[in-house]
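J.: predicted model and sequence below, questions to follow.
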Amino acid sequence: MDGWIYRISLVCCALACSAVCGQEATPNDAARRFAVDYSQIRGANYVPSYASTSVGVWTAFDADVIARELDYAKRLRLNSVRMYLQYVAYEANPKQFVKDVKRFVELADARGIRPLFVLFDSCFGKEPSLDEANSAIWVNNPGFSRITAKEWSQLEAYVGDVVGTFKDDPRVLMWDVMNEPMADFDHVTREERDLIWKFCRHFCKFAKSKDANHPITVGHAVVEYIPRTADLVDVLSIHSYARYSHWLQEDIELAQRYGKEFRKPVIVSEFGNPGAGQPYEMGLDVIEKNRLGFYFWELMISKVMFKEMAGLLYPDGTARDLGPVARLLAGQAKAGSGRTEGASVFQRKRVGGIPQKQPPQHHAERNLRSNPTQWRPFVARVSAAARTKANIQGSLVGLATIGRHLMRPRPQAQRVFELALSIPHHYRLGRNDQAVQDFEELLGLVSRAVRKVDAPKKAAGE
């Protein structure tokens, strides 16, 4: 989520299971009870303010804090929250874990909120444990060490218990099987990534086999990954922290293209990162213009490692910035007015608080992307440069920017992103030869794409 790498009331309500006492429910009854108008989702990613990780959310479950913060969500007119579950907490005490998830659902339902629960999480790659409940770094779930097939029976018990508990409960909105499968920065080889995809696809099938009522999705870090799970999910879910409105629009249009191809609805389950250059107001403008349901990152400003980058409200209910609050409350009809009516239900924190990080400038990246005459000289300079760590890492943003732009929607765009993301982590992990090898592949992909753009110009005598 940092740097260039990144980042319902629902129209349908739960209906009675049967119209006549003693009459069995029909498939149509079930369809109505669990129906979702995805365009009407207004949600936030939510980590309770007492926790810094998904482990801590459930091992230190605090219903009073959650009730208070869901009240804030209700005041923001949200109708869903995206909530991270955690296998490690379940493993430690399965009965208590399920009991706490039930309590969360009760608290949310009392406020007109239907949760989207995230079953697994591959973001960042730090292994979870009870000892890491208060880690300053976000942990994943269940951890790379546990995704091999020999571990699946234990994880199937977890998914079966949680999903099975709520399979007939329309108060739950849907299941996100895995958050950002390819955002594990410690496991970036092709073999490791293939193992993650195998795990993710298996549990998409398994979750659906245990609950045919609720829709499932996978929240992808970049749009290009959608085809990897689109055949298995009910909803296509994208994350975009694009810094410019037209870049965000391009992400959405590509997702909608996949939606038409696979005949699936689209939602945006993560956006909003002012500290990295994506203001909430801009994101809302673009997403609402496209009539998509959304979850912004994130409701609370507290202990999570992203607190300097994003977040709307402090634990006491005050806001860091009233602008996004007003925009969220105003809706699309008042977008761009610059007024703060509606925000009066919240107050700006005036003493203390966590200052928001100022976003870096990315003018060079934007200029390179928008000026095709620079592409060939840029690639030529990169090709001629010595293969030092500094030269390679200094070229990655430019290569990824050009390559993803030129290759979408082809699968090569996914590979360009993957290579550019992996190279710095190969260096960090001491795999210098692999970093250079991946760089040569990346450079070759981008060079060929640029030559294809230039070829028609030469044929026309330009």
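T.: Looks like it arrived, so ask away.

J.: from now on I want contacts and neighbour counts done on CA atoms only, so please keep to that.
T.: Fine.

J.: low-confidence ranges in the stretch 351-462 of the chain?
T.: Along the stretch 351-462 of the chain, segments meeting pLDDT under 70 span 455-462.

J.: break down it into its helices, ranges please.
T.: Under the criterion DSSP state H, counting those that start in this stretch, the stretch 351-462 of the chain contains helices at 363-370, 375-384, 389-407, 411-428, 432-459.

J.: and these as JSON lines, adding mean neighbour count?
T.: Formatted as JSON lines, the helices of the stretch 351-462 of the chain follow (neighbours: other C-alpha atoms under 10 Å):
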{"stretch": "helix 363-370", "mean neighbour count": "14"}
{"stretch": "helix 375-384", "mean neighbour count": "15"}
{"stretch": "helix 389-407", "mean neighbour count": "19"}
{"stretch": "helix 411-428", "mean neighbour count": "20"}
{"stretch": "helix 432-459", "mean neighbour count": "16"}
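
J.: relative to K208, which of those is closest?
T.: Across the helices of the stretch 351-462 of the chain, K208 has its closest neighbour in helix 411-428 (26.4 Å, C-alpha to C-alpha).

J.: what residues of stretch 284-296 count as buried?
T.: 284-288, 291-296 (16 or more other C-alpha atoms under 10 Å).

J.: what does that stretch rub up against?
T.: 38-45, 81-82, 245, 248-249, 252, 266-272, 280, 327-328, 332, 335 (C-alpha atoms under 8 Å, 6 or more residues apart in numbering).

J.: mind checking which of the residues you listed are in strands?
T.: 42-45, 81-82, 266-270 (DSSP state E).

J.: turn the helices of the stretch 351-462 of the chain into CSV, including distance to L119.
T.: Shown next, in CSV, are the helices of the stretch 351-462 of the chain (distance: least, C-alpha to C-alpha, whole Å):
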stretch, distance to L119
helix 363-370, 36
helix 375-384, 42
helix 389-407, 30
helix 411-428, 24
helix 432-459, 32
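
J.: show me the one of those that comes nearest D161.
T.: Closest among those, once you apply C-alpha to C-alpha, is helix 411-428, at 34.2 Å.

J.: determine how far that closest one lies from the middle of the whole chain.
T.: Here the centre of helix 411-428 is set off from its chain's centre by 18 Å, with C-alpha atoms, centre = their mean, to the nearest Å.

J.: what is it packed up against?
T.: helix 389-407, helix 432-459 (3 or more C-alpha pairs under 8 Å, 6 or more residues apart in numbering; DSSP states H and E).

J.: which ones are touching the closest residue to I392 other than its chain neighbours?
T.: The spatially closest residue to I392, leaving aside those adjacent along the chain, is F439, at 7.1 Å (C-alpha to C-alpha, 6 or more residues apart in numbering). F439 makes contact with 392, 419-420, 423, according to C-alpha under 8 Å, 6+ apart.

J.: farthest-separated two in these?
T.: I392 and L419 (11.9 Å).

J.: please state the offset of stretch 407-422 from the chain centre?
T.: 18 Å.

J.: what score does P27 have for pLDDT?
T.: Note for P27: predicted pLDDT of 53.

J.: let me fix that, I meant to ask about S145.
T.: So, for S145, pLDDT stands at 95.

J.: what's whichever strand or helix holds W152 packed up against?
T.: Per DSSP states H and E, W152 falls inside helix 152-166. Packing partners of helix 152-166 (3+ C-alpha pairs under 8 Å, 6+ apart): helix 87-92, helix 190-210.

J.: got these as a markdown table, with mean pLDDT and mean neighbour count columns?
T.: Converted to a markdown table, these look like this (pLDDT from 0 to 100; neighbours: other C-alpha atoms under 10 Å):
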| stretch | mean pLDDT | mean neighbour count |
| --- | --- | --- |
| helix 87-92 | 98 | 20 |
| helix 190-210 | 97 | 17 |
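
J.: JSON lines for these, including distance to G164?
T.: Below are the helices and strands packed on helix 152-166 laid out as JSON lines (distance: least, C-alpha to C-alpha, whole Å):
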{"stretch": "helix 87-92", "distance to G164": "14"}
{"stretch": "helix 190-210", "distance to G164": "6"}
